[in-house]
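**Student:** coordinates only, sequence not included:
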């Protein structure tokens, strides 16, 4: 974030920052710390709630904190069912933690996003689930009690504050991002065939308590195989990914109107073939009207696919409109 602003400030006076794939809100939180106006959208309800919890101004009282300290599950007079599409969620927790989770999710329902995010963090740490690339796996082992974790995280989060302009955020698609900004700093989904509604499925389930997965997937950028993409290989997905990227670049060019775009992307390995997605995206940026398109930072990551080791570049692309 700081590197992007340093480069952008050499070209323009930066007053506002946008992030059309705001994710966990890193760009917006840093913008707030530095005193910039900022705007962000994300299609994921979990990302929206997480970002709101991090960037809003909360005024929790000592009484609010004492309420958390004294929280007793026996005093919670309700519980919820949490639906998860991949497997029954009770498989992911011990019986004690699953019962506590259902009660705590009921308790936080009419409270703040901070309460909900503290519970989700505690739930993931007390579960048997771990993320292994693009899949979720279960490994049973001794886990901490979710209630104790929830109290610890929530009390800590209640005391955290960041001064600065409050970012404006929306639950929506990057393809509808329309706010004029001076700089866009964002990282889109990588073309890696990972369905993030499944990888972060438990977080989404605890956020929504609903079954809106198909709607969320339908509004996401194409980066993984799904029913709407025809063909037997990954190549049709790659084509859609590039087409949608070009649509975004045309939109971003109009929005920036003299500003600067920073786009963090990763190259891909599909069926043993390495694709320099960053170079292809740079060409599309130029076709959309951007100039001075260049990679300003990159790292090479090692990744294992089908038992074979690959070195894949992750790049930060800068372009002027």
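**Tutor:** That came in fine, so what should we check first? Bear in mind that the values here come from a model prediction, so they are computed numbers and not experimental data. Numbers count the residues shown, from 1 in each chain.

**Student:** How is this protein divided into domains?
**Tutor:** Structural domains assigned to the chain are 2-43+168-192+237-320, 58-160+194-233, following automatic domain parsing.

**Student:** residue ranges of the helices in the stretch 151-300 of the chain, please?
**Tutor:** Using DSSP state H, counting those that start in this stretch, the helices of the stretch 151-300 of the chain run over residues 196-199, 201-208, 213-219, 235-256, 277-287.

**Student:** contacts for the helix or strand hosting residue 98?
**Tutor:** Per DSSP states H and E, residue 98 falls inside helix 95-108. With contacts defined as CB atoms under 8 Å, 6 or more residues apart in numbering, helix 95-108 is touched by 71, 73, 76, 78-82, 89-90, 92-93, 115-116, 119, 123, 126-127, 143, 145-147, 150, 206, 209. Where you see a C-beta, it was placed from the backbone N, CA and C, and this is true even at glycine.

**Student:** Using neighbour counts, give me the buried entries of those residues.
**Tutor:** By neighbour count, with 16 or more other CB atoms under 10 Å, the contacts of helix 95-108 hold 71, 79-80, 82, 89, 92-93, 115-116, 119, 123, 126-127, 146-147, 150, 206 as buried.

**Student:** if we can go back for a sec, now the domains of the chain in CSV, with mean pLDDT and distance to residue 49?
**Tutor:** CSV is the format used below for the domains of the chain (pLDDT from 0 to 100; distance: least, CB to CB, whole Å):
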stretch, mean pLDDT, distance to residue 49
domain 2-43+168-192+237-320, 94, 9
domain 58-160+194-233, 88, 5
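
**Student:** so which of the ones you listed gets nearest residue 51?
**Tutor:** When these are compared by CB to CB, domain 2-43+168-192+237-320 sits nearest residue 51, at 3.3 Å.

**Student:** gap between the closest one and the chain center?
**Tutor:** When distances are taken as CA atoms, centre = their mean, to the nearest Å, domain 2-43+168-192+237-320 is centred 14 Å away from the chain's centroid.

**Student:** Could you dump the domains of the chain into JSON lines with distance to residue 51 added?
**Tutor:** As requested, these are exported to JSON lines (distance: least, CB to CB, whole Å):
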{"stretch": "domain 2-43+168-192+237-320", "distance to residue 51": "3"}
{"stretch": "domain 58-160+194-233", "distance to residue 51": "9"}
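
**Student:** Most tightly packed of these?
**Tutor:** Most buried of those by mean neighbour count (mean count of other CB atoms under 10 Å) is domain 2-43+168-192+237-320; its value is a mean of 18.

**Student:** Quick one: end-to-end length of that domain, please.
**Tutor:** Using CA to CA, to the nearest Å, the end-to-end distance of domain 2-43+168-192+237-320 comes out at 18 Å.

**Student:** do the same with stretch 33-50
**Tutor:** Length of stretch 33-50, first residue to last, CA to CA: 17 Å.

**Student:** likewise stretch 156-165?
**Tutor:** End-to-end distance of stretch 156-165 (CA to CA): 22 Å.

**Student:** Could you do stretch 185-197 as well?
**Tutor:** End-to-end distance (CA to CA), stretch 185-197: 23 Å.

**Student:** Give me the contacts around that stretch.
**Tutor:** Counting by CB under 8 Å, 6+ apart, 1, 4, 17-23, 27, 44, 133-134, 174, 204, 213, 216-217, 220-221, 223-226, 234, 237-238, 241, 245, 248, 262-266, 268, 270, 275, 277 sit against stretch 185-197.

**Student:** do the same with stretch 149-165
**Tutor:** Counting by CB under 8 Å, 6+ apart, residues outside stretch 149-165 touching it are 29, 31-38, 53-55, 57-58, 60, 64-65, 68-69, 71, 104, 114-115, 117-119, 121-122, 125-126.

**Student:** Just the ones in helices from those residues, please.
**Tutor:** 29, 31-34, 53-55, 64-65, 68-69, 104, 114-115, 117-119, 121-122, 125-126 (DSSP state H).

**Student:** tally of neighbours for the nearest residue to residue 32 once chain neighbours are set aside?
**Tutor:** Of all residues not flanking residue 32 in the chain, residue 164 sits nearest, at 3.8 Å (CB to CB, 6 or more residues apart in numbering). Residues lying near residue 164 (other CB atoms under 10 Å) number 17.

**Student:** List phi and psi for residue 164.
**Tutor:** The phi and psi values for residue 164, taken as degrees, to the nearest 10, are phi 140, psi 180.

**Student:** how close does it get to residue 3?
**Tutor:** Distance, residue 164 to residue 3, by CB to CB, to the nearest Å: 19 Å.

**Student:** just residue 262 next, same as before
**Tutor:** Taking CB to CB, one finds residue 262 at 9 Å from residue 3.

**Student:** can I assume residue 321 is in contact with residue 258?
**Tutor:** Yes. Using CB atoms under 8 Å, residue 321 makes contact with residue 258 at a distance of 6.0 Å.
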